[in-house]
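Student: Sharing a model prediction with you, sequence too.
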Amino acid sequence: MDQVGAYLSALFELIGRTYKLDPEALQWVWTNPYSIWLTLGVGILASLSITLGHAVVLLVNQVTGWRFVLGLVFSALVLVLMQVLESVVLWGLGWWWSGNQMPYLVVLSAVLAASAPQVWGFLVLVPYMGTAIGRFLSAWSALCLWALVAGTFSMGRWGALALVIVSWLVVHGLSTVSAPWMSRGLSSMLTRITGRPEWVTGADVLAGRPMIARGVEA
């Protein structure tokens, strides 16, 4: 129990440091006995909060049974895929740009830690304000990533900002190109599993929204 308490204390300290845009938060992580497990904890909390919001959206849209389960699973997988893609692009560009051969796990840790504001992702369910809250949390996460990248690659505030912006543009471009393929692939999988024609829009995939499969009329 003492170890659980120590881990949770360190986890919430990391979240607090990230909220304060502390550029040395990752250096602190790697001096902590739990190291990468702390950033994984942040990512898990954020994912659970987002998943809770997705679950409610699916239920409101009367998506139940296997469609509900598959919608949550696919949404979670896309979320993980996007984080991995972002970390790989950031790692590659940061290595090329700064000449600093930073280990990939450090960059992945930065992306996971920057998801700390998404711990409040369930608040997107607030009536009339959900969309605005979601955008605010995304902007806050981007600011956290900016601060962490500045401390990780030691390339200065504005160099880190440029790196984050370019990385976002690259990820957005790749996501836009791959969204139709992912849409067809997910739709095909859902159709095989449910036994009836289903369709998931590319817009849902690209925006990270809940995978609400829509029946396709013959």
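Tutor: Yes, it's here.

Student: Next, the buried residues of stretch 24-38.
Tutor: By neighbour count on 16 or more other Cβ atoms under 10 Å, the buried set for stretch 24-38 is 25, 26, 29, 32, 34, 38. Glycine gets a C-beta too; all of them are placed from N, C-alpha and C.

Student: Show only the entries of those found in helices.
Tutor: Counted as lying in helices by DSSP state H, out of those, are 25, 26, 29, 38.

Student: Pretty sure residue 87 is one of the things residue 108 touches, is it not?
Tutor: Yes. Residue 108 lies in contact with residue 87 (Cβ atoms under 8 Å); the separation is 4.4 Å.

Student: how about the helices in the chain?
Tutor: Using DSSP H, the helices of the chain run over residues 2-19, 25-31, 36-60, 65-98, 104-113, 130-153, 157-194, 202-207.

Student: and the first one, what's its mean pLDDT?
Tutor: When you say that, I think you mean helix 2-19. Confidence over helix 2-19 (mean pLDDT, whole number) is 91.

Student: Begin at 313, not 1, for the rest of this chat.
Tutor: That works, and once the first residue is 313, the last one we named lands at helix 314-331.

Student: quick one, it and helix 348-372 angle?
Tutor: Counting by axes from the mean of the first three to the mean of the last three Cα atoms, to 10 degrees, helix 314-331 lies at 80 degrees to helix 348-372.

Student: where does this protein dip in pLDDT?
Tutor: Where the chain drops to pLDDT under 70, the residues are 313, 373, 375-376, 378, 491, 495, 497-499, 501-502, 505-530.

Student: Take the ones in helices among the buried residues of stretch 336-350 and lay them out in a markdown table including distance to residue 387.
Tutor: Shown next, in a markdown table, are these (distance: Cβ to Cβ, whole Å):
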| residue | distance to residue 387 |
| --- | --- |
| 337 | 28 |
| 338 | 28 |
| 341 | 28 |
| 350 | 25 |
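
Student: ok, so of these, who is nearest residue 458?
Tutor: residue 337 (12.2 Å; Cβ to Cβ).

Student: Residue 425 is in contact with the closest one, correct?
Tutor: Yes. Contact criterion Cβ under 8 Å: residue 337 and residue 425 qualify, at 6.4 Å.

Student: Which neighbours do these two have in common?
Tutor: 326, 330, 460 (Cβ atoms under 8 Å, 6 or more residues apart in numbering).

Student: Export those residues to TSV and append columns for distance to residue 415 and neighbour count.
Tutor: Shown next, in TSV, are the shared contacts of residue 337 and residue 425 (distance: Cβ to Cβ, whole Å; neighbours: other Cβ atoms under 10 Å):
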residue	distance to residue 415	neighbour count
326	18	25
330	20	28
460	15	31
